[in-house]
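Enquirer: Here is a sequence together with a model predicted from it:
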Amino acid sequence: MKSMDVVQVEGRVKRSRSLVLSVVAAVAAALGAVWVAAPAFAAGATATFVKTSDWGSGWEGKYTITNGGSSTVSGWTLSFDLPAGTAVGTYWDALLSSSGQRHTFTNRSWNGTIAPGASVSFGFLGTGPGSPVGCQLNGASCGGSPPPTTAPPTTVPPTTAPPTTAPPTTPPPTSPPPVTGLPKRILTGYWHNFDNPAVELRLRDVPAEYDVVAVAFADATATPGAVDFAVDPGLSAALGGYTDADFSADVRTLQSRGKKVIISVGGETGRVAVNDAASAVAFSDSVYALIQRYGFDGVDIDLENGLNPTYMAQALRSLHAKVGSRLIIAMAPQTIDMQSPATSYFKLALDIKDILTVVNTQFYNSGAMLGCDQNAAYAQGTVNFIVALACLQLEAGLRPDQVGLGLPAGPGAAGGGVVAPSVVNAALDCLTRGTNCGSFRPPRTYPNLRGAMTWSVNWDVTNNNAFARTVAPHLDTLP
């Protein structure tokens, strides 16, 4: 997260995704001709389905494709039917085409090849009570039956409608996603634990529009991976005396108002490094100690100088095991860190998607970047930039409820990408409703988008609370 002295980073990440699609035609020119099996099929390839979450009116589903054969699968296509009244919503790690109640998913460029013994997966959100039926993987049963090798009929087979099997008679599980006590939409703001040209604030004086307050920042210690926090002496002096005890009391005050307070780790100058198992343990233990000491509701990862997704995932899972499902896990990556699922931040988000609360990408201080269409470089500070880059995350794996739009809170807050709060609202409308878009329109709408974030509360107060007073009430109007 950047304050006013941040130097704008100009850069472009150029990347193209080639789609590996295996299409096979079976041609019967004469009696006795046989069906040709898809060349991508490997004997023993199977697919299994599980509902990873179910909240009554909807659910999250996951298919895992496993190559149990001895040859490599090079491209896959998986199809299934859904009963009437059940539909597919947002999806990730696959491409989708639908015809009526028949839905066909194909691999993306990065997950089409499956070595013997390996697995890949994709997921999607469903609405309604039903579950997939009639699953086929590369033309064969998802249970592993081989493709047909009998001669085709000499007459045109009858056309039948997709199956409309009734949903199970037993109700599906109704356990909701992890409970954190957060509203459907959240406005997140960073609170300065330092003295700079923005207005200094006691924590209890954060405006009421903010749902989540991220305390910036916990600092690295001499122990690799470990962090610590205390009220900054410069801030204390600027406020005429502000102690750790005052701060702790203010955390409880905000929580009594229904707000959440999380500790942010990193920042522009942060040097927290979690690069091995020992530092992962140190990170988890030290953050847990801060949660116990100050009463924080969670942690925000804002490491701008490198991140190891493997060991940070270990640390966050360990912390989640200690705290439980009430733990908020937020992230604030730079725009360049979310250009590809293969990059460290994006990979971390996908790896811990089951416990992740929200990713508030910093859509500023970034220069021009590629959006989800991969066809143009969008200039920061525009509706197109915000929508096209948020779309990239939504189409490549994150659930809409895990995506927030991070923007500066007016002049002084960032080196580039500052927009009027009305532009933030337009981007929210475009993503959730398909209205107020610029020239770029996303391939679908995302009604469950989580909300917005700003750097920072202090800069917002400096600029007469324009961000919070404009964006917060607009969040309440979204579908």
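Expert: Okay, I see it. Residues are numbered from 1 along each chain as shown.
Enquirer: domain ranges for the chain?
Expert: 45-141, 186-475 (automatic domain parsing).
Enquirer: Residue 110 should be in a strand, yeah?
Expert: No: according to DSSP: H, G, I helix; E, B strand; the rest coil, residue 110 belongs to no strand; its state is coil.
Enquirer: That one touches residue 347, doesn't it?
Expert: No: with contact defined as CB atoms under 8 Å, residue 110 does not reach residue 347; the gap is 11.1 Å. All C-beta spots, glycine's among them, are computed from the backbone N, C-alpha and C.
Enquirer: So if I had to pick from these two, which one is more boxed in?
Expert: residue 347 (19 against 15; other CB atoms under 10 Å).
Enquirer: does the more buried one count as helix, strand or coil?
Expert: Secondary structure, three-state DSSP: residue 347 is helix.
Enquirer: Surely it touches residue 341?
Expert: Yes: using CB under 8 Å, residue 347 is in contact with residue 341, at 6.5 Å.
Enquirer: Surely residue 223 touches residue 285?
Expert: No: using CB under 8 Å, residue 223 and residue 285 do not qualify as a contacting pair, with a distance of 9.7 Å.
Enquirer: thinking again about what came up before, overlap in contacts of residue 110 and residue 347?
Expert: Residues touching both residue 110 and residue 347 by CB atoms under 8 Å, 6 or more residues apart in numbering: residue 341.
Enquirer: quick one: buried residues of stretch 349-369?
Expert: By 16 or more other CB atoms under 10 Å, the buried positions in stretch 349-369 come out as 349-353, 355-367, 369.
Enquirer: Distance across stretch 87-96, terminal residue to terminal residue?
Expert: Using CA to CA, to the nearest Å, the end-to-end distance of stretch 87-96 comes out at 13 Å.
Enquirer: about what we covered before: higher neighbour count, residue 223 and residue 285?
Expert: Comparing residue 223 with residue 285 by other CB under 10 Å, the one with more neighbours is residue 285, at 17 against 14.
Enquirer: Can you classify the more buried one as helix, strand or coil?
Expert: Of the three states, residue 285 takes helix under three-state DSSP.
Enquirer: helices and strands of the chain: which one bottoms out on pLDDT?
Expert: For the chain, using mean pLDDT, DSSP states H and E, the weakest element among its helices and strands is strand 87-92, scoring a mean of 80.
Enquirer: Residue 424 versus the residue most central in space within the chain, what's the distance?
Expert: For the chain, the residue nearest the mean C-alpha position is residue 398 (3.1 Å; CA atoms, centre = their mean). From residue 398 across to residue 424, the span is 19 Å (CB to CB, to the nearest Å).
Enquirer: quick one: the strands in the stretch 251-400 of the chain?
Expert: Using DSSP state E, counting those that start in this stretch, the strands of the stretch 251-400 of the chain run over 260-267, 298-303, 328-331, 358-362, 369-370, 377-378.
Enquirer: export the ones you listed to CSV and tack on distance to residue 392 and mean pLDDT?
Expert: Output for the strands of the stretch 251-400 of the chain, formatted as CSV (distance: least, CB to CB, whole Å; pLDDT from 0 to 100):
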stretch, distance to residue 392, mean pLDDT
strand 260-267, 22, 93
strand 298-303, 19, 95
strand 328-331, 15, 98
strand 358-362, 9, 97
strand 369-370, 8, 90
strand 377-378, 10, 88
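Enquirer: mind checking which of those strands is nearest residue 63?
Expert: With CB to CB as the criterion, residue 63 lies closest to strand 358-362 of the strands of the stretch 251-400 of the chain, at 23.5 Å.
Enquirer: Any stretches of the stretch 1-150 of the chain with poor pLDDT?
Expert: In the predicted model of the stretch 1-150 of the chain, residues 1-43, 55, 145-150 satisfy pLDDT under 70.
Enquirer: dump the residue contacts of the closest residue in space to residue 388 that isn't next to it in sequence.
Expert: Closest residue to residue 388 apart from its sequence neighbours, by CB to CB, 6 or more residues apart in numbering: residue 371 at 2.5 Å. By CB under 8 Å, 6+ apart, residue 371 lies in contact with 378, 384-385, 387-389, 391-392, 440.
Enquirer: how does it look with 10 Å?
Expert: 339, 377-378, 384-392, 395, 440, 442 (CB atoms under 10 Å, 6 or more residues apart in numbering).
Enquirer: Can you give me the neighbour number for residue 111?
Expert: Other residues close to residue 111 by other CB under 10 Å number 16.
Enquirer: Actually, residue 475.
Expert: 22.
Enquirer: Setting aside sequence neighbours, what's the nearest residue to it?
Expert: Spatially, and ignoring its direct neighbours in sequence, residue 475 is nearest to residue 185 (4.1 Å; CB to CB, 6+ apart).
Enquirer: tell me the phi and psi of the one you found?
Expert: The phi/psi pair for residue 185 (degrees, to the nearest 10) reads phi -110, psi 140.
Enquirer: so what's residue 427 closest to, chain neighbours aside?
Expert: residue 386 (4.0 Å).
Enquirer: go on, residue 293?
Expert: Residue 293 sits nearest to residue 248 (CB to CB, 6+ apart), 7.6 Å away.
Enquirer: thinking the one you found is in contact with residue 291, fair?
Expert: No: using CB atoms under 10 Å, residue 248 makes no contact with residue 291, being 11.9 Å away.
Enquirer: ok, which stretches of the stretch 301-450 of the chain are helices?
Expert: 309-323, 344-351, 383-395, 421-433 (DSSP state H, counting those that start in this stretch).
Enquirer: highest average neighbour count across the ones you listed?
Expert: Burial of the helices of the stretch 301-450 of the chain is given as mean neighbour count (mean count of other CB atoms under 10 Å); helix 383-395 ranks first at a mean of 25.
Enquirer: Which elements pack onto that one?
Expert: Packed against helix 383-395 by the contact rule (3 or more CB pairs under 10 Å, 6 or more residues apart in numbering; DSSP states H and E) you find strand 87-92, helix 344-351, strand 358-362, strand 369-370, strand 377-378, strand 403-408, helix 421-433.
Enquirer: Minimum distance to residue 332: which of these has it?
Expert: Closest approach to residue 332 among the helices and strands packed on helix 383-395 (CB to CB): strand 358-362, 5.1 Å.
Enquirer: Tell me what angle that closest one forms with strand 298-303.
Expert: Angle of strand 358-362 versus strand 298-303, following axes from the mean of the first three to the mean of the last three CA atoms, to 10 degrees, is 30 degrees.
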